[in-house]
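Visitor: Provide a 3D model corresponding to the input given below.
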Amino acid sequence: MLEILAPVDLADFRMTVLKGEDGDPPAIAIVCDSMGQMDLGWIETSDAPISWRAAAYRALEQNLGCVLPVFGYQDLFDQIAMYYWDGETEDEGARQSLIYYHGADEADLEEQALPSTMNARRLDWMITANAAPPAQLPTGLRQKLRSLHHARRALKRLQPERNAWHFDIDLIYQYVPGFEECSSLPPLTLVPTEQFAPELDDVGRHGMEMGFMDIAGLCPLPEAGRIDDWLTSLRLGAEFLLAAQHLIQLDPTNL
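Guide: Take a look at the predicted model:
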């Protein structure tokens, strides 16, 4: 089974067979053994136009979560809003939260992190509004994005109960006792650590201590014939990951 995922470099995976309890059938879980910021390749390191890089980054943010346990900037922002500002996402509400719930001195608020200052640290290619529409992208990049979307659509056509990559948190808790003590945060992120290291450290602390939500998919197998469906869906997931990998490994100087 692992040979199906062998060409994938985006993350390391392992398969775990789980014994069902109380009459439940056995299941196979796909576990992600990778952790930290994903390698974004040219999106992060090249001098390609911001509009190209933003289009590629947006596609990864919108699609990778269907297979990978990964979180993006908005997920980080929402978590930080709960940690720092009691869920407030605007500066005025955050200021009031810091004063009334955290005992901050109003005179010192200029030194406190606020939603606007966090958003201001986003790199230009992280901002969706900067993404060029498909018609304005070079052909090579447009083809890579199209391949990613086609692979995603193939996965969406799968029935959940026959999908190796299906993520159902209640089903996971049913098959993995004690897993609810782990962090709800995935182990991978698309957020650049250089710009957001303090925030990533804060939200990741529980996961570092108790474990992350590292299961990419869990699929019960109530009958032997289901293994063929499972293998088919595993291949579709691998094809999706390879499409994402090819997008990240693209050389913008050849476009």
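Visitor: all strands of the stretch 51-200 of the chain, in order?
Guide: Under the criterion DSSP state E, counting those that start in this stretch, strands of the stretch 51-200 of the chain are mapped to 70-71, 188-189.
Visitor: now the first one: how far from the chain's centre is it?
Guide: What it means is strand 70-71. A distance of 2 Å separates the C-alpha centroid of strand 70-71 from that of its chain, computed with C-alpha atoms, centre = their mean, to the nearest Å.
Visitor: Give the partner strands of it in its sheet and their orientations.
Guide: strand 188-189 (parallel) (DSSP bridges).
Visitor: what's the average pLDDT for the partner strand?
Guide: Here strand 188-189 scores 99 as its mean pLDDT.
Visitor: quick revisit: pipe the strands of the stretch 51-200 of the chain into TSV and attach mean neighbour count and distance to Thr232 per row.
Guide: C-beta: built from backbone N, CA, C; applies to glycine. Output for the strands of the stretch 51-200 of the chain, formatted as TSV (neighbours: other C-beta atoms under 10 Å; distance: least, C-beta to C-beta, whole Å):
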stretch	mean neighbour count	distance to Thr232
strand 70-71	24	23
strand 188-189	22	25
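Visitor: Just send these back as JSON lines, with distance to Trp125 too.
Guide: JSON lines is the format used below for the strands of the stretch 51-200 of the chain (distance: least, C-beta to C-beta, whole Å):
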{"stretch": "strand 70-71", "distance to Trp125": "17"}
{"stretch": "strand 188-189", "distance to Trp125": "15"}
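Visitor: among these, which is nearest Ala244?
Guide: strand 70-71 (10.3 Å; C-beta to C-beta).
Visitor: picking up where we left off before, among the strands of the stretch 51-200 of the chain, which is nearest Met35?
Guide: In terms of C-beta to C-beta, the element of the strands of the stretch 51-200 of the chain nearest to Met35 is strand 188-189, at 6.8 Å.
Visitor: Figure out how far the closest one is from the centre of its chain.
Guide: For strand 188-189, the distance to the chain centre is 5 Å (C-alpha atoms, centre = their mean).
Visitor: which outside residues touch that strand?
Guide: 11, 32, 34-38, 68-72, 76, 200 (C-beta atoms under 8 Å, 6 or more residues apart in numbering).
Visitor: can we see that at 6 Å?
Guide: Identification of contacts with strand 188-189 by C-beta atoms under 6 Å, 6 or more residues apart in numbering yields 37-38, 68, 70-71.
Visitor: where are the low-confidence patches of the stretch 51-200 of the chain?
Guide: The model of the stretch 51-200 of the chain has pLDDT under 70 over residues 107.
Visitor: all helices of it, in order?
Guide: 73-85, 91-100, 115-120, 139-156, 169-175, 193-210 (DSSP state H, counting those that start in this stretch).
Visitor: Of these, which stretch is the most buried?
Guide: Counting by mean count of other C-beta atoms under 10 Å, helix 73-85 has the highest mean neighbour count of the helices of the stretch 51-200 of the chain, with a mean of 18.
Visitor: and it, what does it pack onto?
Guide: helix 193-210 (3 or more C-beta pairs under 6 Å, 6 or more residues apart in numbering; DSSP states H and E).
Visitor: Between helix 73-85 and the helix it packs on, find me the angle.
Guide: 70 degrees (axes from the mean of the first three to the mean of the last three C-alpha atoms, to 10 degrees).
Visitor: Could you identify the helix or strand that succeeds helix 193-210?
Guide: strand 215-220 (DSSP states H and E).
Visitor: Would you list the strands that that next one pairs with, along with their directions?
Guide: Paired neighbours of strand 215-220 in the sheet (DSSP bridges): strand 27-32 (antiparallel).
Visitor: Give me the distance from the strand it pairs with to the chain's centre.
Guide: 17 Å.
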